[in-house]
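1. Fold the stuff below for me.
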Amino acid sequence: MCSVWEWLRRRQVAVDVALAVFFVLLDTWLTLVGATWWPAHPGPLAWTMLGVQAAACAALLIRRRAPITVIAILSAFSLAISLLIWPGGLLTPAHTGNVWAPISTVVAAYGPFYARNRRAAFVAVAILTFIVARPWQPEITVIAIGLFRTAVGPLLSLYLTARRRLVQALTERAERAEREQHLLAGQARAEERARLAGEMHDVVTHRVSLMVLQAGALRMTAPDEATRQAAENLRVAGVQALDELRDLVGILRTEPEGDEGPCPADFAALVAESTAVGTPAELIEDGDPALASPVVGRTAFQVVREALTNVRKHAPGAPVTVRVSYDAAQLRLSVHNGPPPVAAGGAAQLADPGLARTGSGLGLASLGQRIELVRGTLHAGPAPDGGFCVEATLPAFVPTAEPVA
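-> This is a model prediction of the structure:
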């Protein structure tokens, strides 16, 4: 039903033309069959007034733009017919008990719904009602039919106006409730972010600080230069982790603004970090990184970071190739690592069990969910050469939702 009303609303001009033509033909037919003022023996005057009636009914074409004018035209015609019949005596209807006004007055009386000046419109409808009911020739049937004809339109107009205002009020109330819900949800998220930030700071900072202190002590007491250098590298990495943790806690304690975050340009930093810790990695980029939207860039960054982390955990020292390809439609990336390098005894180098257990085991699953949100695809599995490959295809552009105004 809503689609029908929407279709009619988009074709108002065609609807008005069809309505005007319909009522011109209907009133002409009703007049000729004697349902209104048509005389038993029509003369030139009757045929002339029939043409005037058709023109008056055709005024329904402008009922939306000039509703009071339409009421005035039909009122003038109905009054002219009444005066020609009585007291003029120039027309003698075949049936004197009929309503002499055309049926188009029903649509014309609906005019107050379109009029800007409602008071003037209702005054015009009252005048039309007086003319159609012919109280100077009181007949109960004529008065009742006249009142019914001219009352239907205004009553329907009042009903639709009240209904429209009610729907508008309910819509505004629903929008206000939705805005309040968004505000409450945002407040709850902010409180949860602050709580998580505090717990992360208390737990992780304590452990990492101990690692940094122990690495510093080892650097001071180590008997050889290689051990001191390894301890210094461990201490520097721990300090850097504390700095990054402090920045992360600061982000969690504040509301995110804009669309900031890692972008494809950070791939080089990830590859450099991986190479520095003993997992040689190579970055191959093809295309313009500016073609990827920030949301897609952050998602791709998460994929590469998770893949490189898994290589360091499960295949330390294995060579890694990171390929990123940009085009106008999508971003394609793959992270492929070979088998772990062979140790001096001829066996493959094994991963550190303690390091491998540090993850939650849900990294790739979380990435799959994140990629589904941007309508991308993720494939991860063993490679034919004995290594492992992670491939993702993401759309180049993903629109972000605007906050509720």
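2. ranges for the strands of the stretch 301-405 of the chain?
-> Secondary structure of the stretch 301-405 of the chain (DSSP state E, counting those that start in this stretch): strands located at 320-326, 330-337, 377-382, 388-395.
3. Could I get the phi/psi values of Val204?
-> Backbone torsions of Val204, given as degrees, to the nearest 10, read phi -70, psi -40.
4. ok, now Glu285?
-> Listed backbone geometry of Glu285 is phi -110, psi 140, with angles given as degrees, to the nearest 10.
5. so Ser386 makes contact with Asn337?
-> Careful, residue 386 is Gly; it's not Ser. No: the pair Gly386 and Asn337 does not pass the contact test of CB atoms under 8 Å, sitting 9.9 Å apart. (Glycine included, C-beta is placed from N, CA and C.)
6. Between those two, which has more neighbouring residues?
-> More crowded of Gly386 and Asn337, by other CB atoms under 10 Å: Asn337, with 28 against 13.
7. Quick one: residues contacting the more buried one.
-> Each residue near Asn337 by CB atoms under 8 Å, 6 or more residues apart in numbering is listed here: 311, 315, 318-321, 383, 387-389.
8. Nearest to Asn98 among those residues?
-> Using CB to CB, Cys389 comes nearest to Asn98 of the contacts of Asn337, at 89.6 Å.
9. Just to check, the closest one is in contact with Gly338?
-> No: with contact taken as CB under 8 Å, Cys389 and Gly338 are classed as non-touching, separated by 10.1 Å.
10. and for the two, which residues touch both?
-> Counting by CB under 8 Å, 6+ apart, the shared contacts of Cys389 and Gly338 are Ala383.
11. coming back round to it: what do Gly386 and Asn337 both touch?
-> Common contacts of Gly386 and Asn337 (CB under 8 Å, 6+ apart): none found.
12. quick one: the helices in the chain?
-> For the chain, the helices defined by DSSP state H cover 2-10, 12-32, 44-58, 67-85, 105-108, 118-133, 140-221, 225-252, 267-276, 294-314, 353-356, 363-373.
13. now those helices in TSV, with distance to His95?
-> Listed next are those as TSV, based on distance: least, CB to CB, whole Å:
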stretch	distance to His95
helix 2-10	36
helix 12-32	11
helix 44-58	14
helix 67-85	12
helix 105-108	18
helix 118-133	16
helix 140-221	11
helix 225-252	87
helix 267-276	92
helix 294-314	77
helix 353-356	102
helix 363-373	75
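14. For the closest residue to Leu283 other than its chain neighbours, the count of nearby residues, please.
-> Closest residue in space to Leu283, ignoring its immediate chain neighbours: Val271 at 4.5 Å, by CB to CB, 6 or more residues apart in numbering. Other residues within reach of Val271 by the criterion other CB under 10 Å amount to 20.
15. got it, and Ala269?
-> When neighbours are counted by other CB under 10 Å, Ala269 comes out with 13.
16. try Arg189
-> Using other CB under 10 Å, Arg189 has 12 neighbouring residues.
17. What separation is there between it and Glu175?
-> Distance, Arg189 to Glu175, by CB to CB, to the nearest Å: 21 Å.
18. Check Leu83 too.
-> Using CB to CB, one obtains 55 Å as the distance from Leu83 to Glu175.
19. and of the strands of the stretch 301-405 of the chain, who's closest to Arg64?
-> With distances scored as CB to CB, the stretch of the strands of the stretch 301-405 of the chain nearest to Arg64 is strand 388-395 (45.1 Å).
20. Show me the shaky parts of the stretch 51-200 of the chain.
-> Residues of the stretch 51-200 of the chain meeting the criterion pLDDT under 70: 113, 200.
21. Can you tell me which of the strands of the stretch 301-405 of the chain is packed in deepest?
-> Counting by mean count of other CB atoms under 10 Å, strand 330-337 has the highest mean neighbour count of the strands of the stretch 301-405 of the chain, with a mean of 22.
22. okay, that one in PDB with CA atoms only?
-> What follows is the C-alpha trace of strand 330-337 in PDB, where atoms were taken according to Å, rounded to 0.1, in the frame of the first residue of the first chain:
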ATOM      1  CA  GLN A 330      40.200  -3.700  -4.600                       C
ATOM      2  CA  LEU A 331      43.300  -4.300  -2.600                       C
ATOM      3  CA  ARG A 332      44.900  -7.700  -2.800                       C
ATOM      4  CA  LEU A 333      47.600  -8.800  -0.400                       C
ATOM      5  CA  SER A 334      49.400 -12.000   0.500                       C
ATOM      6  CA  VAL A 335      51.900 -13.000   3.200                       C
ATOM      7  CA  HIS A 336      53.800 -16.100   2.300                       C
ATOM      8  CA  ASN A 337      56.600 -17.700   4.400                       C
END
